[in-house]
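Asks: Predicted structure and sequence below. I'll ask about it afterward.
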Amino acid sequence: MDICVENSEINNRKGITRNRIVRVSLDLFIKNGFKDTTMAKIAAKSNISRKTLYEYFKSKEEITTAIDMYVLKEYNRIMEKTIPSFTGNGYNKLCQYFEMIDRNIDEFQNEIIFTGIYDYNVKTNDINSSLKTEFYRIVKKATSYLVIILEQGIEDGSLKDCDPTITANTIGDSWLSLARRVFKRNESLDMNEQDCRKMISVQLSLFLKGLKA
């Protein structure tokens, strides 16, 4: 019994340390970029030794993958909580889905900006196979919510016929890419901040109009 308690406490401490590393790394990557964020800086900011850091993550690529997984898990958590409240046919649910994205997206500006850092700097071969498998599982789960809505809409005739998986991935990558540009480089778009932000809402409405049967 005592051993089980000790192991539980150890695992809990490890989880706390791992989460601290992820949070600290996200902040450093956003502020300093991928190149200027070193394992030494991450360890120092996390108040641990480099040796301890390497016990959790073997490279910056593994840390960035863990952060991206955290972002996706949070997205999935919101979906699991929100999707059951959607009502109506496929089109109605797609409207509610886009409204939910538009309503929550501003709370995750740093996380959205980070996905650009991840996409640009990390290649699939840079992460170990077990982490890669888990990453792809979470990505597939994140896409599945929209796929299910599209499938329902196609079946009930409220949405145009399309490949649900390809369409869901296209929509997801498109709004994420635009959101990154709006949040990261809005000054270069020669628009005021409010109009710049409206671009995301307009894009989502265009998807909706294009898919409506």
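Replies: The structure has been received and is ready for your questions. Numbering: from 1, shown residues only.

Asks: Quick one: low-confidence residue ranges for the protein.
Replies: Across the chain, the ranges flagged by pLDDT under 70 are 1-11, 124-126, 186-189.

Asks: Now do the helices in it.
Replies: Here the chain has its helices, by DSSP state H, at 2-32, 39-45, 50-56, 60-82, 90-104, 109-121, 129-156, 164-185, 193-211.

Asks: Any chance of JSON lines for the ones you listed, columns mean neighbour count?
Replies: In short, each C-beta sits where N, CA and C put it, glycine included. Below are those laid out as JSON lines (neighbours: other C-beta atoms under 10 Å):
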{"stretch": "helix 2-32", "mean neighbour count": "14"}
{"stretch": "helix 39-45", "mean neighbour count": "16"}
{"stretch": "helix 50-56", "mean neighbour count": "14"}
{"stretch": "helix 60-82", "mean neighbour count": "18"}
{"stretch": "helix 90-104", "mean neighbour count": "18"}
{"stretch": "helix 109-121", "mean neighbour count": "17"}
{"stretch": "helix 129-156", "mean neighbour count": "16"}
{"stretch": "helix 164-185", "mean neighbour count": "17"}
{"stretch": "helix 193-211", "mean neighbour count": "15"}
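
Asks: I'd say Ile154 and Thr167 touch.
Replies: No - contact between Ile154 and Thr167 fails when scored by C-beta atoms under 8 Å: they sit 9.7 Å apart.
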